[in-house]
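Asks: give me the fold of what follows.
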Amino acid sequence: MSVLVVSGTGTEVGKTVVTSAIAAAAVAAGRSVAVLKPAQTGVGPDEPGDAAEVVRLAGPAVTAVELARYPEPLAPDTAARRAGLPTLSPSDIAEAARELSLHHDLVLVEGAGGLLVRFDEAGHTLADAAVLLGAPVLVVAAAGLGTLNSATLTAEALRARGLAPLGLVIGSWPASPDLASRCNLADLPTSSGIPLLGAIPEGSAALPPPLFRTTSPTWLSPTLSGTWSPDSFLTTWAPPVPTDA
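Replies: Now for the predicted structure:
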């Protein structure tokens, strides 16, 4: 796996912190890593974007590349049109990822919003870039109510396009999870058909970067260069099954 596409089930589910954790764990395992952010929206020209945040958290050894930046926090296609700026095509994204893969062991392509957010006037999405790359897709999902539906829909959209969902990571696991979040640990893999490959603790982006880097492997499974065990996590957090009185 030299290129991994990271997509969320929607906005604000923790894609950037998950991308940062994967990058940090891979660097700790001795791999060279690049992160590609095709379209950064909602950030001014001199403000740090998601790619810069990955470098801040995962470390300066990570190469960060951003292809386009649009000032308004909208879908890339809409933001580009409103700003009068060129849109990105799937081939633009795939070409940049392939170029980075020539010099890095792992290239992480972080999407914008959910899998089917439009990147250009023709309606192309991150999924189209993943098809061109032949790359697996990691799904980042929320922990609580509503996540079963959004994760399952994302999984179905991936399979309909012949894409392989590598796994699913919970982007922000609460310190005090409610019943829905705890039940979703077992239900997410069953509903989506995608294995659970990690859970990032809530507030991890606020950790001092050196601590973030050393702790990241404990949040991710061996598939993502970590030590996290879904069985152990489920044992810790899943609620007991009710029994008949």
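Asks: does Leu197 really touch Ser225, like I thought?
Replies: No. Judged on C-beta atoms under 8 Å, Leu197 makes no contact with Ser225 at a distance of 10.8 Å. Glycine gets a C-beta too; all of them are placed from N, C-alpha and C.
Asks: can you list the weak-confidence ranges in the protein?
Replies: 1, 241, 243-245 (pLDDT under 70).
Asks: all helices for it, in order.
Replies: Assigned by DSSP state H, the helices in the chain fall at 15-28, 50-58, 76-83, 90-101, 126-133, 147-160, 179-192, 209-215, 230-237.
Asks: angle of the fifth one against helix 90-101?
Replies: Note on geometry: by axes from the mean of the first three to the mean of the last three C-alpha atoms, to 10 degrees, helix 126-133 and helix 90-101 are set 50 degrees apart in direction.
Asks: just the helices of the chain: most buried one?
Replies: Most buried of those by mean neighbour count (mean count of other C-beta atoms under 10 Å) is helix 15-28; its value is a mean of 27.
Asks: what comes into contact with that helix?
Replies: For helix 15-28, contacts defined as C-beta atoms under 8 Å, 6 or more residues apart in numbering pick out 4, 6-8, 33, 35, 50, 53-54, 57-59, 61-62, 105-106, 108, 110-111, 138, 140, 169, 171-172, 198, 200, 204-205, 212-214, 216-217, 219-220, 224-226.
Asks: count the residues that sit near the closest residue to Gly49 other than its chain neighbours.
Replies: Ranked by C-beta to C-beta, 6 or more residues apart in numbering and with sequence neighbours excluded, the top spatial neighbour of Gly49 is Gln40, at 4.0 Å. Look at Gln40: counted by other C-beta atoms under 10 Å, it has 22 neighbours.
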